[in-house]
Every structure is written in structure tokens, then in C-alpha cells.
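Undergrad: Fold the following.
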Amino acid sequence: KARTKMDSMDRLRRIHNHLNATALKTKHAAASKNSYRETLLAARKDLVKMINELNCNPILVRLAWHDSGTYDRAVKGFPHRGGANGSIRFELELGHGANAGLFKAIAYLKKIKSAHPSISWADLIQLGSATAIELSGGPKIPMRYGRVDTNKKEECPKEGNLPDAYPPFGDGAKCPARHIRNVFYRMGFNDREIVALSGAHTLGRAFKERSGVVENGYGEETATKFTCPFHRARADKKEGVGMPGGKSWTANWLTFDNSYFHRKEDTKDLLWMPTDSILHKDDSFKVFFEMYAKDQNLFFNDYSKAHKKLSELGSKFSPEQGITLD
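TA: Presented below is the predicted three-dimensional model:
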């Protein structure tokens, strides 16, 4: 009986110690999560200041898209499946043809990363994009953070997963509609989401030195009337275009709205590529293109959902449920 009693007491002691250890671990995890959240909030504050000073909204959105857009749902396992894992920070991936000029965006974010070193690159890149869209008048996207980074250049995805602007298309597609479907279906998007995401071209410009799809390069010399230093493209109508030059899809290319869907043809001063034109010509895409042209709130709602989905493709989160800010 004495031995049985001792065994019972020992078992109770072990249970008590286990419960205490679990509680302590949970407490530490909660403290770590709260600390990381505070760091994200501080980084967002710095991003707001930087974006407002530099008018760099478009390139931060492009950077995040190109980090996410390498995702292949047919590939299992992190980080080989690609996606939003921060691999685009490595020179190997920055050297991919579709990423021309994005070293500039990484240079911008390095200043924020230095001030907040505990933030993963994958999170910082996606935080920069969501903040840039909101500051340009777009929707507040219900983002999730806690992404784990890739660790080495060998974990970068292969080149060729991002969409091309003009034929010949890298995937062998014979037409723009098939090409963009091949790219976005590979990531798990449908036609409605493809059109919604394409609306982000309301922001930004193309440059001769980057994509090479326009003759307009860096600087005022070849700028259009919309990309010259005197044009007010910001949502708040304040002065500033960042670096002048390039050719934009819309007149107010620093404002996130549904003006992309009011474009139908190319003009001298605005860009319109085959992968844009097909959105209002293809029977399926056209339905959503016209819907978003009529209803900006619907566009914002659909875009916000699709952007959130894009921002999480291929990501590994710690904690698994992620961390929200708002």
C-alpha cells in the first residue's frame, strides 16, 4: 500500500510538472507573438513614412507579387514550392529577367530590416505591399504574418514561373489568355481572381531598362505627360512621382482605384499590353472586367481577398495560425 501511494504521488508530481512546463511554454510563446506583433507595427509605421516620401508604392507591390508568384501548387514541401518566402532577396532570384529593377525595392526595405532585424524578409516584403496599396487609396487587406524565410540562394525557385507581357510566351502558350491562365491556375486562382489581381496595374509603370516593353526609360527626357515630375498621380493629389519616366497603365498611377478597368485600348501616353487587352475580349474574363469597371467597391472586395491569398501562397507560418495586426 505504501508503495502504491508513493507511485501515485510520483505520477501526480510528473503531471503537475508537465502542466507547469506547458503553461510556461504557452506564456513564452504568447509573449514572443506579442513582441513580434509590436515589431511589425513599428515597421509598418516606418514603411508609411518611407512610402510617402519616396512614392515607391508600385515597386513594393511588384516585389511582393514576384516573391509570391513563383508558387507551384503541384510541388510539395517548403520552400521548394516557391511562393511568399523571401527568396527574392537573393541576387540569384533578383537576376531573373522578370525581376529587373527590383534590387531597388530590396534596397529600400533593407533600411527597415536594419531597424527591425527580427522581422522575416518574407513578412517585410508582404507588409510593404499591403501598406503601399492602402496608402494609395486601396483597400485595407486582412493580412496574416509570421512567415518563415528561406535561408540560402539554393532555395530560390527556377526562373520562368512569372507571367510574360508579350509573346512568345515562356510556357509555350499560343495566346495571352492561355498564358495567364497557365500561370495563375498553377497557383490555384480562378478567372475572377485573375481579373481582380490584374487590376493592381492601376498602380505603376513599365520602363525600357526593366521589362523592355516600352521605349520610355528612366528620367524626364522620355517621360509621358503622366510620368513627368509635374503630374499629380497620388491619391491625395500631393506633388511627387518619385523618379520620373516610364509609361503607366493609368493616368493616376499612384492611386489605387478601378481606373484600370476603364481602359480599353492603348494610347500614346498609356500602356496596354496583350495580357491587358485579353481581359476585356475573352468571354470569361470580360464578365469580371466589366463588373469591376462599374463597381469599385466590388473590385476592392475581390482584390483584397485575392491579394491575401496571393500573399500566403507557399508560405510557412510560425505560429501556424499567423499573426494579425488590425
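Undergrad: which non-adjacent residue is nearest residue 111?
TA: residue 50 (7.3 Å; Cβ to Cβ, 6 or more residues apart in numbering). C-beta coordinates here come from the backbone N, C-alpha and C atoms, glycine included.
Undergrad: Now for that neighbour, how many residues are close by?
TA: Close neighbours of residue 50, defined as other Cβ atoms under 10 Å, add up to 18.
Undergrad: what do you get for residue 229?
TA: As a burial measure, residue 229 scores 14 neighbours (other Cβ under 10 Å).
Undergrad: Next: residue 205.
TA: Neighbours of residue 205 (other Cβ under 10 Å): 29.
Undergrad: now the one 4 residues further on
TA: Applying other Cβ under 10 Å, we find 12 other residues in the vicinity of residue 209.
Undergrad: For it, which residues are in contact?
TA: 100, 101, 217, 218 (Cβ atoms under 8 Å, 6 or more residues apart in numbering).
Undergrad: For the last one, list the residues it contacts.
TA: I take that to be residue 218. 207, 208, 209, 243, 245, 246 are the contacts of residue 218 under Cβ under 8 Å, 6+ apart.
Undergrad: can you pull up the bridge partners for it?
TA: Legend: beta-bridge partners of residue 218 under DSSP bridges are residue 245.
Undergrad: That one and residue 207: what is the separation?
TA: 6 Å (Cβ to Cβ, to the nearest Å).
Undergrad: Quick check: neighbours shared by these two?
TA: Contacts common to residue 218 and residue 207, judged by Cβ under 8 Å, 6+ apart, are 245, 246.
Undergrad: Can you give me the neighbour number for residue 175?
TA: 13.
Undergrad: Would you mind listing the residues in contact with it?
TA: Contacts of residue 175 by Cβ under 8 Å, 6+ apart are residue 278.
Undergrad: re earlier: reformat the contacts of residue 209 into CSV and put pLDDT and distance to residue 112 next to each item.
TA: Below are the contacts of residue 209 laid out as CSV (pLDDT from 0 to 100; distance: Cβ to Cβ, whole Å):
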residue, pLDDT, distance to residue 112
100, 95, 23
101, 95, 19
217, 96, 28
218, 96, 24
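Undergrad: how about those in a markdown table, adding distance to residue 45?
TA: Formatted as a markdown table, the contacts of residue 209 follow (distance: Cβ to Cβ, whole Å):
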| residue | distance to residue 45 |
| --- | --- |
| 100 | 30 |
| 101 | 27 |
| 217 | 34 |
| 218 | 30 |
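Undergrad: From these, list the buried ones, please.
TA: The neighbour-count criterion (16 or more other Cβ atoms under 10 Å) marks 101, 217, 218 among the contacts of residue 209 as buried.
Undergrad: give the contact list for the second one.
TA: I take that to be residue 217. Here residue 217 is in contact with 207, 208, 209, 245, 246 (Cβ under 8 Å, 6+ apart).
Undergrad: try it again with 10 Å
TA: Residues in contact with residue 217 (Cβ atoms under 10 Å, 6 or more residues apart in numbering) are 207, 208, 209, 210, 223, 245, 246, 247.
Undergrad: Double-check the second one against residue 271; I have them as touching.
TA: No - with the criterion set as Cβ atoms under 10 Å, residue 208 and residue 271 do not qualify as a contacting pair; they are 11.8 Å apart.
Undergrad: Please enumerate the shared neighbours of the two.
TA: 214, 216, 246, 247.
Undergrad: and the last one, how many residues sit next to it?
TA: In other words, residue 247. Neighbours of residue 247 using other Cβ under 10 Å come to 25.
Undergrad: Tell me, what's the model's pLDDT at it?
TA: pLDDT for residue 247: 96.
Undergrad: Once you drop chain neighbours, what's closest to the residue nearest the centre of the chain?
TA: The centre of the chain sits closest to residue 64, judged by Cα atoms, centre = their mean, with a distance of 3.0 Å. In this structure, residue 64 finds its nearest non-sequential neighbour in residue 129, 3.3 Å apart by Cβ to Cβ, 6+ apart.
Undergrad: cool, and residue 42?
TA: Nearest non-adjacent residue to residue 42 (Cβ to Cβ, 6+ apart): residue 116, at 6.2 Å.
Undergrad: which residues touch residue 312?
TA: 68, 71, 83, 84, 126, 143, 144, 147, 322.
Undergrad: ok, now residue 208?
TA: Here residue 208 is in contact with 214, 215, 216, 217, 218, 222, 245, 246, 247 (Cβ under 10 Å, 6+ apart).
Undergrad: Please tell me how far it sits from residue 293.
TA: From residue 208 to residue 293 the distance is 30 Å (Cβ to Cβ).
Undergrad: And for residue 221, the neighbour number?
TA: 10.
Undergrad: I'd like to know how far it sits from residue 206.
TA: 16 Å.
Undergrad: Residue 268 now?
TA: Distance from residue 268 to residue 206, by Cβ to Cβ: 15 Å.
Undergrad: Neighbour count: those two, which is higher?
TA: Ranked by neighbour count (other Cβ under 10 Å), residue 268 and residue 206 place residue 206 first, with 19 against 7.
Undergrad: show me where the stretch 101-250 of the chain has strands.
TA: Along the stretch 101-250 of the chain, the segments classed as strands by DSSP state E, counting those that start in this stretch run 205-206, 247-248.
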